[in-house]
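> sequence first, predicted coordinates after that:
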Amino acid sequence: MSDERARPGARADGLVIAGVTRMSSCDWPGRLVATAFLQGCPWRCTYCHNHAILDARAPGQVAWQEVRELLARRTGLLDGVVFSGGEPTRQAALADAMREVRAAGFGVGLHTGGAYPRRLEALLPLVDWIGFDVKAPRTLYRAITRVGGPTTAADQAFTSLRLVLDAGVDVQVRTTVDPTVLSDEDVHALTAELRAVGVQDHVLQQVRPDGTTTEYQQALAAAHRR
């Protein structure tokens, strides 16, 4: 990519933000936060309920200055900011935004699927907590992400997870259980695999049809009828 969001040293004002939740109690367990949803994602997960913000070419809807002003008003009321997506680590301006949030006295949370291991590694010193999405056992990753080669997304995700665990950052690993792809046996195998690599906090989440494509809603309904 040749645009500003892909260049090292990009400034926070270059963030492409699709939307902001000004106060959330569910995006970082035990914390009251503002959540910024960053535009763009390299994956096309079956159950994505934010598919409207996947296109990396789409313009932002919220300026970073609005987030600055929100934090200035919420000092002492909010614990931090969570950067979500899309896949937030694809934007180079994220690092500068995280530094700014920390300098203002707020904690920094990150939601990621680990699609960009090297970018994530550079961000880890700036992050206080990560919600890390593990989609499936390695052999079923492409069935959910629907991009790359047979193991491309899985290799990226598990490399990123290893970096997070080795860095000692507080992390909750979450798996959205897609019944159109995953069986109970698949979920048990994934839980065992994660435990073996050192994951202490693994949360299973139920698919929400809200915001997903019509095609997926139909597939989900069929899976529930089986």
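Yes, it's here. Numbers count the residues shown, from 1 in each chain.
> surely residue 53 touches residue 60?
No. At 9.8 Å, residue 53 does not count as touching residue 60 under the criterion of C-beta atoms under 8 Å. Heads up, the C-betas are built off the backbone N, CA and C, glycines and all.
> those two - which one has more neighbours?
More crowded of residue 53 and residue 60, by other C-beta atoms under 10 Å: residue 53, with 22 against 16.
> spit out the contact partners of the residue nearest to the more buried one when sequence neighbours are not counted.
Nearest residue to residue 53, sequence neighbours excluded (C-beta to C-beta, 6 or more residues apart in numbering): residue 18, at 3.9 Å. Contacts for residue 18 (C-beta atoms under 8 Å, 6 or more residues apart in numbering) come out as 37, 38, 39, 50, 52, 53, 58, 60, 61, 62, 86.
> again, 6 Å this time
Residue 18 makes contacts with 37, 39, 53, 61, as judged by C-beta atoms under 6 Å, 6 or more residues apart in numbering.
> out of these, which is most surrounded?
Neighbours here mean other C-beta under 10 Å. Within those, the largest count is held by residue 39, at 28 neighbours.
> mind pulling up the pLDDT for residue 5?
With respect to pLDDT, residue 5 scores 38.
> er, residue 71 I mean
97.
> just the one 5 residues further on next, same as before
In this model, residue 76 is scored at 93, pLDDT.
> what about the residue lying closest to residue 25 once chain neighbours are set aside, how many neighbours?
Sequence neighbours aside, residue 32 is the residue nearest to residue 25 in space, at 5.6 Å (criterion: C-beta to C-beta, 6+ apart). Using other C-beta under 10 Å, residue 32 is surrounded by 14 other residues.
> just residue 210 next, same as before
Using other C-beta under 10 Å, residue 210 is surrounded by 7 other residues.
> residues touching the closest residue to it other than its chain neighbours, list them.
By the measure of C-beta to C-beta, 6+ apart, the closest residue to residue 210 outside its immediate chain neighbours is residue 49, 5.9 Å from it. Taking C-beta under 6 Å, 6+ apart, we find residue 49 in contact with 208, 210, 211, 212.
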